[in-house]
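Asker: Below: sequence and its predicted model.
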Amino acid sequence: MECFKVLEPGLFTTIQDLGRFGYESQGVPTSGAMDEFAFRIANRLLENEENDACLEITLVGPTLEALTDTFVAVTGAEMQPMVNGIPRPMWSSFPVRKGDILSFSPIKSGLRSYLAVKGGFKGDYVMGSVSTYTRGKLGGIKGRRLEKGDILEKNPSPQVLLQTRKVREEYIPSYSSEEEVRVILGPQDDYFEEETIKVFLSSSYVISKDSDRMGYRLEGPFLKAKERYDIISDGLLPGAVQVPANGQPIVILKDAQTTGGYTKIATVISPDLSKIAQLKPGDRIRFRVITLEEAHRALEEIEKLIEKIKTSAKEIKYFTVRVDEETFDVSVEPF
Amino acid sequence: MYEKPRILPFGDKGIVVEFGNEITVECNEKVVNLYRILKKESRQGIISMIPTYRSLLVKYNPLQISYNELIKYVSEKMDKEVEIKEEFKPQVYEIPVVYGGEFGPDLEFVAKHNNLSIEEVIAIHSAPLYRIYMVGFTMGFAYLGGMSEKIATPRLETPRTEIKAGSVGIAGNQTGIYPLSSPGGWRIIGKTPVRLYDQEREKPILFEAGNYIKFIPVSEEEYYKIEKEIQEGKYQLRIYEYLNHNLSG
């Protein structure tokens, strides 16, 4: 079912779900939403399936013309959505009608936003996922970012009257230009002296401009390996912090190659990849070590938090009121 | 190889089972065996795996299987590998390659560099059964073992901006095939019409760790004939069971 026409594509807008799993053994990166937290909330606000595809919007939002009546939700980086120029809140679901123009204000904080549509976006379904992997030209729309003139489709959804909701203020993450992320040491922390690991854990690293969905290259204090930086190439997963011979760490992210030959000093825990996804070149990152048990508790807490956010979301209603030929757009929400 | 494999946590959702710190068939076989056993059982909580030269990365969902349960489960399977091994017979893929000319612009260089004739390079390169130690990097790149040192050649000093998908190259003592068109610095000696990656195919990516590749030299005419058959969906890749006595090189 056609849902949007792309009038302006934005800077780098791609269709993503939670990723492509089971083909890493054949060199296929998982891809998928960089900020899983924001992605999942967007779907929850619409009562979508967990893995329904959203648009991942980077830095500059697209302009879209609605081709049908439906509901959408926007989460993630702060770039206020607008329907026909009228602002709609972030972290909320709201209706769009056929012919409406959905656009976004310039970004205020964060880097990546998620636009979910009722039923989920359709895309090329390749190896179990519609996630776009631009380097491999697969998934999404012919494996590329959105272009002007693209027609976006969505899965049909029952036309039930949906309660439009808004996430409570206290649960909305605030994005800053410096984040602390939690790591588990290794698998190759034994390639570094304890002193070097201390340097790694006590420094602030700047995200370089060579940073994208594949990985973030960091600049900061040199990390010296005991003897060597190279290992026999082995498996990689998002969050791995590689240290090549230049001593400058690289955080591996969703579109990264599946194997690599550099030492991995530590690995960022999966819930904190969402924080990294909102950092831009020039922003800073710090690493704090935790235990595996703590990491697994953090995972459970995220699940609870997402459930809580969903059940506590406030209802917000939209009306169009006509007074003397003039149309007013009214939204009503409880205190 | 280690006396006992090491199991290391890799972030909150991964473990690495490391069998040694070497590139040998023996070590890689351990990895591939464990991979196949776990893949066959597809236990809930195991999301995916990446077999590599000497280790297996297992991605898991800690909300479905705890770290300790996973370690226990994987350790048990490692002990059982010998019994189940027989079920998994490695396969050989025959990959037709046209060597030289516009398909392999560096063939002459490789020959000169090694004081060989072009025919000798082709004969040496197409003789062995190359083991696929692992498939990785991106989109079906096979890390092959077993190339003769006689044709080893350093990479290009300046990488080419585009190497066509299917190009067969040499880098040092490694050989490989580019699954996608991409920039690269390998010495290109030939090209196969076979699509290593084809999203329309039931199995989009051809290669899997633990199997073997045999390069079959073909003429330009044959190359175009095969290419046409592939386009029409009529081409049948030759695949057969690997037998140890086939091993050469």
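Answerer: Here it is on my side, so go on.
Asker: show me where pLDDT drops low in chain B?
Answerer: Within chain B, the stretches with pLDDT under 70 are B:80-87, B:244-249.
Asker: Okay, domains of it per the record?
Answerer: With automatic domain parsing as the criterion, the domains of chain B are listed as B:6-85, B:91-246.
Asker: Just put the ones you listed in JSON lines and tack on mean neighbour count.
Answerer: To be clear about C-beta, it is placed using only N, CA and C from the backbone, and glycine gets the same treatment. Shown next, in JSON lines, are those (neighbours: other C-beta atoms under 10 Å in any protein chain shown):
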{"stretch": "domain B:6-85", "mean neighbour count": "19"}
{"stretch": "domain B:91-246", "mean neighbour count": "18"}
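Asker: List the contacts of the residue in the stretch 1-150 of chain A that chain B sits nearest to.
Answerer: Minimum separation of the stretch 1-150 of chain A from chain B (C-beta to the nearest C-beta) falls at A:Q26, amounting to 4.1 Å. Residues counted as contacts of A:Q26 (C-beta atoms under 8 Å, 6 or more residues apart in numbering or on different chains) are B:135, B:139-140, B:205, B:207-208.
Asker: Could you rerun that using 10 Å?
Answerer: Contacts of A:Q26 were listed using C-beta atoms under 10 Å, 6 or more residues apart in numbering or on different chains, and they are A:127, A:258, B:50, B:134-136, B:139-142, B:179, B:196-197, B:203-209.
Asker: follow-up on the earlier one: in a markdown table: the domains of chain B, plus distance to A:E300.
Answerer: Shown next, in a markdown table, are those (distance: least, C-beta to C-beta, whole Å):
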| stretch | distance to A:E300 |
| --- | --- |
| domain B:6-85 | 7 |
| domain B:91-246 | 32 |
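Asker: Turn those into TSV, columns for distance to chain A.
Answerer: Shown next, in TSV, are those (distance: least, C-beta to the nearest C-beta, whole Å):
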stretch	distance to chain A
domain B:6-85	3
domain B:91-246	3
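Asker: Find the nearest non-adjacent residue to the residue of chain B positioned farthest from its centre, please.
Answerer: Here chain B reaches farthest from its C-alpha mean at B:L63, the gap being 33.0 Å by C-alpha atoms, centre = their mean. Closest residue to B:L63 apart from its sequence neighbours, by C-beta to C-beta, 6 or more residues apart in numbering or on different chains: A:L299 at 6.3 Å.
Asker: Which pLDDT value belongs to the one you found?
Answerer: Here the pLDDT value assigned to A:L299 is 97.
Asker: what about it, helix or strand, and which?
Answerer: Here A:L299 sits within helix A:292-312, counting by DSSP states H and E.
Asker: Which strands or helices does the longest strand belonging to chain B pack on?
Answerer: The longest strand of chain B (DSSP state E) is strand B:91-99. Packing contacts for strand B:91-99, counted by 3 or more C-beta pairs under 10 Å, 6 or more residues apart in numbering or on different chains; DSSP states H and E, involve helix B:118-126, strand B:130-136, strand B:167-171, strand B:187-191, strand B:212-217, helix B:220-231, strand B:239-241.
Asker: Confirm that B:E76 lies within a helix, as I assumed.
Answerer: Yes. Using DSSP: H, G, I helix; E, B strand; the rest coil, the assignment for B:E76 is a helix.
Asker: Next one: it from B:Y35, what distance?
Answerer: 15 Å (C-beta to C-beta, to the nearest Å).
Asker: The helix holding A:L299 - contacts with which helices or strands?
Answerer: So helix A:292-312, by 3+ C-beta pairs under 10 Å, 6+ apart, packs with helix A:36-45, strand A:165-166, strand A:178-185, helix A:270-277, helix B:67-85.
Asker: for the first one, what is the average pLDDT?
Answerer: Spelled out, it's helix A:36-45. Helix A:36-45 comes out with an average pLDDT of 97.
Asker: re earlier: I'd assumed A:K304 was in contact with the residue farthest from the centre of chain B.
Answerer: No. The pair B:L63 / A:K304 is not scored as a contact, 11.2 Å apart, by C-beta atoms under 10 Å.
Asker: And the residue nearest to A:S312 when sequence neighbours are not counted, what's its pLDDT?
Answerer: Leaving aside its chain neighbours, A:S312 sits nearest to A:R168 (5.4 Å; criterion: C-beta to C-beta, 6+ apart). pLDDT recorded at A:R168 is 95.
Asker: And A:E2, by the same measure?
Answerer: At A:E2, pLDDT is 96.
Asker: right, and it touches A:K154 too?
Answerer: Yes. With contact defined as C-beta under 10 Å, A:E2 reaches A:K154; the gap is 8.1 Å.
Asker: Let me see the contact set for the nearest residue to B:R36 once chain neighbours are set aside.
Answerer: Excluding the flanking residues, the one nearest B:R36 by C-beta to C-beta, 6+ apart is B:F88, at 4.9 Å. Shown in contact with B:F88 (C-beta under 10 Å, 6+ apart): B:29, B:32-33, B:35-37, B:39-40, B:210.
Asker: B:T138 too?
Answerer: A:27-29, A:133, A:135-136, A:214, A:255-259, B:179-180, B:182, B:197.
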